[in-house]
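Asks: Sharing a sequence plus its predicted fold:
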Amino acid sequence: MPPPSAAVRNLAEAVEWLRGEADRIVRASAVPMKNGITAFPPQVGLGYDAFWLRDYEYALEGSIRSFSNKELTDACRLFVRAMSQEGAGVDCVRFDGMPIYKPGFGSLGHEPVLDGPPFTVGVAWHTWQRCQDRELLKEIVDSLVKTMRYMPRDPNNGLAQIKFPGERCPYGFTDTIPKSGGELFCSLLFVQASRQLADLLDAASRRGEAEQWRAEATRVTQSVRAVFWDDAVGLFRATTGDCNVPDIWGSAFAVRLDVATQNQAHKTAKYFKDHYDELTLHGQVRHTPGFMDWNGTKTPTNSGKYQSGGFWATPVGWFVDTLDLEDPALADRTVIELVRHFQEHGACEWINREGVCQLPGYTASAALPLEGIDAMLKRRSVVQNR
């Protein structure tokens, strides 16, 4: 639980408190690995006993100031070296150094998790942005190209792909959901990572390759807009196969990455405003539209558990950055309510209407929202200074 503090009164106080809490949780989560590297598991305490790739990358996105340069470079090397010979990125690395490629400590899916490659690139990109370590860049850049080439995609449109339910787990925050076909969220992660890989290749003076990856990011962006967008609903759908339902997190992330067109972004923002009470609880956000499960069936309570109806803080930055396009005051309210709930209950992994507050001290819940909130505030500042 966070130390006692007065309830925040406005957005500025909420952001300041959240920044401090993210830093506190990151440092409190640190665990020495057997090889001497400092690991940062997803939660303070005993909830997660390994070093998870995606949660660490999310901590870097929102609170990279919480890490030393040595911690960053050590962790980057750890995750790059943990890639499989084929190029698969890990789900996590155990504290004894063993790489795990499938969620559930290897029990979920037949093949490595789909989001390993882009999150590996994300860790490397954030580490480079902060440390500017050219020896590290030279050491890892070919491995980063290899893992992005490994990522399973549809050759016709470039979208991230799962051939059948259970073949491999999708995006890790939906790793219990049996998706198939083209998968929205990992396609978005691929776009983000392709742009990041291009930056790293530019820094390595490999500009021709960099332009190829930027072109691929553009191609997949166009595919996402054409394949997943449901204009009748005003949201992007999660897949082209199983679990073909509107995706709240994915829609917000598409807007955050500027993958959504301007029209798609404003329609998404309007959907968030019009359905706000169904989508949020104490400033935290569901994966799917209110009263809908991943299989498209309606639920009577608009609540649930974990990745099937729980409310999460992880996507709140993308959510408010999108909502701000339609209703800035409601976006501010969301952040303030989130922080007030954290102040009372801790930054939990997920919550629901039955009073569950699962795993307080969850790093992604405190850190990642800051990235989208900061983007929202930066956009407002640009508009005000015109």
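Replies: Good, I have the coordinates.
Asks: so where's the stretch 151-300 of the chain uncertain?
Replies: Counting by pLDDT under 70, the stretch 151-300 of the chain contains no low-confidence residues.
Asks: What ranges does it have for its helices?
Replies: Using DSSP state H, counting those that start in this stretch, the helices found in the stretch 151-300 of the chain span residues 184-203, 207-227, 248-256, 262-274, 276-279.
Asks: what comes into contact with the shortest one?
Replies: By C-beta atoms under 8 Å, 6 or more residues apart in numbering, the surrounding residues in contact with helix 276-279 are 248, 272, 285-286, 289-291, 302, 323, 330. In this view, the C-beta of every residue, glycine as well, is placed from N, C-alpha and C.
Asks: Can you lay out those as TSV showing neighbour count and distance to Thr240?
Replies: Converted to TSV, the contacts of helix 276-279 look like this (neighbours: other C-beta atoms under 10 Å; distance: C-beta to C-beta, whole Å):
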residue	neighbour count	distance to Thr240
Ile248	29	18
Phe272	29	23
Val285	24	23
Arg286	26	22
Pro289	21	18
Gly290	17	23
Phe291	16	23
Asn302	19	26
Leu323	29	27
Leu330	16	32
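Asks: Please identify the most buried of the helices of the stretch 151-300 of the chain.
Replies: helix 248-256 (a mean of 28; mean count of other C-beta atoms under 10 Å).
Asks: what about the residue nearest in space to the middle of the chain, helix or strand, and which?
Replies: Closest to where the C-alpha atoms of the chain average out (C-alpha atoms, centre = their mean) is Tyr58, at 6.1 Å. Assigned by DSSP states H and E, Tyr58 belongs to helix 53-63.
Asks: circling back to that earlier point, surely the residue nearest to the centre of the chain meets Leu370?
Replies: No: using C-beta atoms under 8 Å, Tyr58 is not in contact with Leu370, being 10.2 Å away.
Asks: Now the element after the helix holding Tyr58, going C-ward?
Replies: helix 69-81.
Asks: In that following helix, which residues are buried?
Replies: 71-80 (16 or more other C-beta atoms under 10 Å).
Asks: now do stretch 167-178
Replies: 167-175, 177-178.
Asks: quick one: which of these is nearest Asp23?
Replies: Of all the buried residues of stretch 167-178, Asp23 sits closest to Phe173, with 22.3 Å by C-beta to C-beta.
Asks: surely the closest one meets Tyr306?
Replies: No: checked against C-beta under 8 Å, the pair Phe173 and Tyr306 is beyond contact range at 9.9 Å.
Asks: thinking again about what came up before, report the backbone C-alpha coordinates of the helix holding Tyr58 in PDB.
Replies: Extracted C-alpha coordinates of helix 53-63, given in PDB (Å, rounded to 0.1, in the frame of the first residue of the first chain):
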ATOM      1  CA  LEU A  53       9.300  -8.500 -20.500                       C
ATOM      2  CA  ARG A  54       6.200  -6.500 -21.300                       C
ATOM      3  CA  ASP A  55       5.600  -5.200 -17.800                       C
ATOM      4  CA  TYR A  56       9.200  -4.000 -17.600                       C
ATOM      5  CA  GLU A  57       8.900  -2.300 -21.000                       C
ATOM      6  CA  TYR A  58       5.700  -0.600 -19.700                       C
ATOM      7  CA  ALA A  59       7.700   0.600 -16.700                       C
ATOM      8  CA  LEU A  60      10.200   2.100 -19.000                       C
ATOM      9  CA  GLU A  61       7.500   3.900 -21.000                       C
ATOM     10  CA  GLY A  62       6.100   5.600 -18.000                       C
ATOM     11  CA  SER A  63       8.900   5.900 -15.500                       C
END
